[in-house]
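1. Give me a 3D structure for the following:
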Amino acid sequence: MRLAATLLLLALTVATTPAVAAERACPPSAGVPTRAQLTQAMRSARDRGVLWRFSKDGRHGYLYGTIHVGKPDWAMPGRAVFGALADAETIVLEADPLDVAFHAGVTAPPAPHEAPTLPAALAARLSRQAERTCTSWPRLQTMPPMMIAATLTLRDAAWEGFFVEYASEMVLAGYARGANKPLATLETTEIQRAAINGGLPAEQLASIETLVGGLEQGTARKELVAVAEAWARGDLEALRRTLLAIDPVERAGVERMVLPRNPPMAASIEALHATGRRVFVGVGILHMVGTTGLPRLLQHRGFTVERITFDGRTGLDIGEVEGNPPRVPLPTGEVEGNPARVPLPTGEVEGNPARVPLPKE
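-> Numbering: from 1, shown residues only. Modelled structure (predicted):
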């Protein structure tokens, strides 16, 4: 446990990105935690989110509901989640958030068939939100319009202390690299991009109008906080209620993005399980909700699925992590005294690429 905890400490360092200097009027930046802060995070680590154990044909694996933003205090997994990670042989995510090619693919300029042309007035409103959050508009305006709106919504969350750099997927991908465990993905870049840009042009424009209005009125941030806090408590019913309470246009967009992807994901999880390797599968928490969620779909495929109850204990067995921990080879090499990060092409919004405005996948 001591060695594994040290590996996780290093992995979290890899998963965070360097802070960008911000002016006083800009949202706070995530920053890079010091070794002392990471050690303290391990001492106070507590399980959050929702974790299931699934089994079939005498083998088991794990399913974990993730969130696409997070707080520094939330980043370190607790005992149950860490135990599942340590037991797993392969880490599985929707996509690899540290893959530069993935970032380039999902943020590439839209093809004519993918996205509507933004009306000048709506583009101006988006530009004002970019200025308010100190996000480069020249960078943003090359992206698909839905990606622009989603990125600004996640950027706005920094005012409440939520950062994409501390998203569950960032930590899990960093752990896989630090622990030298294979990382598999459930979806291609093309599938993720299609999910972001789904819907007819009129539907996309309606969604963007709603999202910009939420940014202007401050309601987008409140919705995101409600989702994030429900995730932290592992409260699936509260997540369901929150989703039902949001603007109908926005809810329809979320449903278009989430629900059609669940059956193919369940099939992919079954295929990975059939290889004989124990898998830890991390997928956005809204893919877990309701009768069409992944736990229920896996049951339909013959799996026994049981939710793991968190016992509320805090802290990991960190041992002597203040000393010289074992060096872990990282795929991007190392800089003396500071593990190398993976360069990300998204400028001011580093980390996990923005998806739909709420952390709802």
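2. The longest helix belonging to the chain: which residues count as buried?
-> What stands out as the longest helix in the chain, according to DSSP state H, is helix 201-217. For helix 201-217, a neighbour-count test (16 or more other C-beta atoms under 10 Å) marks Gln204, Leu205, Ala206, Ser207, Ile208, Thr210, Leu211, Val212, Gly214, Leu215 as buried. Every residue, glycine included, has its C-beta placed from N, CA and C.
3. next one: it to chain centre, how far?
-> Computed by C-alpha atoms, centre = their mean, to the nearest Å, the chain-centroid distance of helix 201-217 equals 22 Å.
4. got the contact list for Ala157?
-> Val69, Phe163, Arg221, Leu224, Val225 (C-beta atoms under 8 Å, 6 or more residues apart in numbering).
5. Please report how far it lies from Met42.
-> Look at Ala157 and Met42: by C-beta to C-beta, to the nearest Å, they are 25 Å apart.
6. Then Arg59?
-> Arg59 is 30 Å from Met42, by C-beta to C-beta.
7. So which of those two has more stuff around it?
-> Met42 (23 against 14; other C-beta atoms under 10 Å).
8. element containing that one?
-> Using DSSP states H and E, Met42 falls within helix 35-43.
9. now Val92
-> strand 90-93.
10. Can you list the strands that that strand pairs with?
-> Sheet pairing of strand 90-93 (DSSP bridges) gives strand 183-185 (parallel), strand 279-284 (parallel).
11. Need the mean per-residue confidence for the following helix or strand past it.
-> Going down the chain from strand 90-93, the next helix or strand is helix 100-107, by DSSP H and E. Averaged across helix 100-107, pLDDT comes to 91.
12. what's the offset of stretch 44-54 from the middle of its chain?
-> For stretch 44-54, the distance to the chain centre is 15 Å (C-alpha atoms, centre = their mean).
13. Same check on stretch 35-42?
-> Centroid separation for stretch 35-42 versus its chain: 22 Å, with C-alpha atoms, centre = their mean.
14. Pull out the buried positions in that stretch.
-> Leu38, Ala41, Met42.
15. Show me the helices in the stretch 101-250 of the chain, by range?
-> In chain order, the stretch 101-250 of the chain shows helices spanning 120-132, 137-140, 145-156, 168-178, 189-196, 201-217, 219-233, 236-245, 248-258, with DSSP state H, counting those that start in this stretch as the criterion.
16. Which stretch among the ones you listed approaches Pro97 most closely?
-> Among those, helix 168-178 comes nearest to Pro97, with 4.8 Å by C-beta to C-beta.
17. could I get that closest one in CSV with only the CA atoms?
-> What follows is helix 168-178 as a C-alpha-only set of coordinates in CSV (Å, rounded to 0.1, in the frame of the first residue of the first chain):
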residue,chain,number,x,y,z
SER,A,168,-11.5,12.7,-12.1
GLU,A,169,-10.2,11.7,-15.6
MET,A,170,-7.0,13.8,-15.2
VAL,A,171,-6.2,12.0,-11.9
LEU,A,172,-7.0,8.6,-13.3
ALA,A,173,-5.0,9.1,-16.4
GLY,A,174,-2.1,10.4,-14.4
TYR,A,175,-2.4,7.4,-12.0
ALA,A,176,-2.3,4.9,-15.0
ARG,A,177,0.9,6.5,-16.2
GLY,A,178,2.5,6.8,-12.8
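18. OK, contacts around the closest residue to Glu250 other than its chain neighbours?
-> Closest residue in space to Glu250, ignoring its immediate chain neighbours: Thr210 at 5.0 Å, by C-beta to C-beta, 6 or more residues apart in numbering. If you count contacts by C-beta under 8 Å, 6+ apart, Thr210 has them with Asp247, Val249, Glu250.
19. For Gly70, give the beta-bridge partners.
-> Phe163.
20. I'd say it and Gly161 touch.
-> No. With contacts counted by C-beta atoms under 8 Å, Gly70 stays clear of Gly161, the gap being 9.6 Å.
21. Of the two, give the one with the bigger neighbour count.
-> Gly70 (30 against 18).
22. contacting residues around that one?
-> By C-beta under 8 Å, 6+ apart, the neighbours of Gly70 are Phe162, Phe163, Tyr166, Ala167, Ser168, Met170, Val171, Ala228.
23. Pipe those residues into TSV and attach neighbour count and distance to Glu270 per row.
-> As requested, the contacts of Gly70 are exported to TSV (neighbours: other C-beta atoms under 10 Å; distance: C-beta to C-beta, whole Å):
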residue	neighbour count	distance to Glu270
Phe162	25	33
Phe163	29	34
Tyr166	25	31
Ala167	25	26
Ser168	30	22
Met170	30	26
Val171	27	25
Ala228	24	30
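24. so can I have TSV of those residues showing distance to Met146?
-> Formatted as TSV, the contacts of Gly70 follow (distance: C-beta to C-beta, whole Å):
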residue	distance to Met146
Phe162	20
Phe163	21
Tyr166	23
Ala167	19
Ser168	22
Met170	21
Val171	26
Ala228	21
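25. Next one, pLDDT for Asp73 please.
-> pLDDT at Asp73 comes out at 86.
26. now swap in Pro343 and tell me
-> Taking Pro343 on its own, its pLDDT is 30.
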